[in-house]
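# Okay, structure incoming, though there's no sequence with it:
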């Protein structure tokens, strides 16, 4: 049998979240180990599928459990004081994160799980994530430890983020190599050691069908949609159809942009003048008042 599915970005995130939660290594770590669920829109759905929607609603504000944002045609970031602390699970119980990534990962090992979203995925299954923080942010502070110890890195990412080559994209990005950027200047980290979960892997995990990405795009709320054709025996296709119908109409998150007049992405490790943005300006709208912004960026 053959079936064609259309997934909006929110529906894709829900599907991928279900698949990540159903991975054997994730279920095992939930019961016996540690899991870090990084900030990100897809990871909101991952968290809900691992912990349950009611539990997550008690722990985080879904619309602010993000770091970098692409919204209003601009690269932006969540307001730091609105962002919920990163979710750390110890044998399924959420515990407060330590102050630094080194401390958070101190007890992580090869049976632990680090879940990090991405901004790009290519046809070879390589993933890449933007870094707006001058020191690399969450992934920059953790990737060495992840690779050195063999911590399992899982990257849930929808095919709306498909690019020709992550390797090429990495060489073209870099905060201080960009003369102009629509919003925050970014570098890109390749996640070569990751287990990448797109809609294709999700349908294989959850329904046992093979699927193929045949089209993308949409309008009036379906922008960024992906179209897949799945093939398999009747029971598996019927299972996939039932799964699809259960997530149709999944609402999108409603994040808000940062406040440009006070926005500074920095660290105490940087010189004071760079922390204030005087020497290293991250964004053309940094420190501008509402009246100085273009109309499409005004009002959060």
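It's in. This structure is a prediction, so every number in the text was calculated from the model and none was measured.

# drop to CA atoms for contacts and neighbour counts, all remaining ones
OK.

# pLDDT at residue 167, what is it?
Per-residue confidence for residue 167 comes out at a pLDDT of 97.

# Verify the stated contact: it with residue 190.
Yes. At 7.2 Å, residue 167 counts as touching residue 190 under the criterion of C-alpha atoms under 8 Å.

# Between these two, which is the more surrounded one?
Higher neighbour count among residue 167 and residue 190: residue 190, with 19 against 16, using other C-alpha atoms under 10 Å.

# Poorly predicted segments of the protein, please.
For the chain, the stretches flagged by pLDDT under 70 are 265-280.

# so how far is residue 198 from residue 55?
25 Å (C-alpha to C-alpha, to the nearest Å).

# before we move on, what about residue 186?
Computed with C-alpha to C-alpha, the distance linking residue 186 and residue 198 is 23 Å.

# With residue 247 instead?
On the measure of C-alpha to C-alpha, residue 247 and residue 198 end up 16 Å apart.

# Pick out whichever of those two has more residues nearby.
Applying other C-alpha under 10 Å to residue 247 and residue 198 shows that residue 198 carries more neighbours, namely 25 against 16.

# Could you pull out the buried residues of stretch 61-72?
Residues of stretch 61-72 classed as buried by neighbour count (16 or more other C-alpha atoms under 10 Å): 62, 63, 64, 65, 66, 67, 68, 69.

# And for stretch 200-220?
Going by neighbour count (16+ other C-alpha under 10 Å), the buried part of stretch 200-220 is 200-211, 216.

# cool, and stretch 110-119?
Neighbour-count burial for stretch 110-119 [16+ other C-alpha under 10 Å]: 111, 112, 113, 114, 115, 116, 117, 118, 119.

# Just the ones of the residues you listed in strands?
113, 114, 115 (DSSP state E).

# Let's have those residues in CSV, adding distance to residue 46.
Below are those laid out as CSV (distance: C-alpha to C-alpha, whole Å):
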residue, distance to residue 46
113, 13
114, 12
115, 9
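
# Out of those, which is nearest to residue 73?
Lowest distance from residue 73 to these (C-alpha to C-alpha) belongs to residue 115, with 26.4 Å.

# surely that closest one meets residue 36?
Yes. Between residue 115 and residue 36 there is a contact under C-alpha under 8 Å: 6.0 Å.

# and the helix or strand harbouring residue 188, what other elements does it pack with?
Secondary structure here is read from DSSP states H and E; on that basis residue 188 sits in strand 187-190. If contacts are counted by 3 or more C-alpha pairs under 8 Å, 6 or more residues apart in numbering; DSSP states H and E, strand 187-190 sits against strand 127-131, helix 166-172.

# Highest mean neighbour count out of these?
With neighbours defined as mean count of other C-alpha atoms under 10 Å, the helices and strands packed on strand 187-190 peak in mean count at strand 127-131, which reaches a mean of 26.

# Now do the same contact list for the nearest residue to residue 262 once chain neighbours are set aside.
Beyond its immediate neighbours in the sequence, the residue positioned closest to residue 262 (C-alpha to C-alpha, 6 or more residues apart in numbering) is residue 287, lying 5.6 Å away. By C-alpha atoms under 8 Å, 6 or more residues apart in numbering, residue 287 lies in contact with 260, 261, 262, 263.

# just the helices in the stretch 151-300 of the chain please.
166-172, 199-207, 234-247, 272-275 (DSSP state H, counting those that start in this stretch).

# what is the orientation angle of the third one with helix 199-207?
Spelled out, that is helix 234-247. Angle, helix 234-247 to helix 199-207, by axes from the mean of the first three to the mean of the last three C-alpha atoms, to 10 degrees: 110 degrees.

# Now for the buried residues of stretch 110-119: which two are most distant?
111 and 119, at 25.7 Å, using C-alpha to C-alpha across the buried residues of stretch 110-119.

# Which residue ranges of the stretch 1-150 of the chain form strands?
2-7, 34-37, 68-71, 74-77, 87-90, 93-95, 113-115, 120-121, 127-131 (DSSP state E, counting those that start in this stretch).

# Dump those into a markdown table; add distance to residue 231 as well.
Formatted as a markdown table, these follow (distance: least, C-alpha to C-alpha, whole Å):
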| stretch | distance to residue 231 |
| --- | --- |
| strand 2-7 | 5 |
| strand 34-37 | 32 |
| strand 68-71 | 33 |
| strand 74-77 | 37 |
| strand 87-90 | 36 |
| strand 93-95 | 38 |
| strand 113-115 | 29 |
| strand 120-121 | 23 |
| strand 127-131 | 25 |
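
# Kind regards, and thank you for your time.
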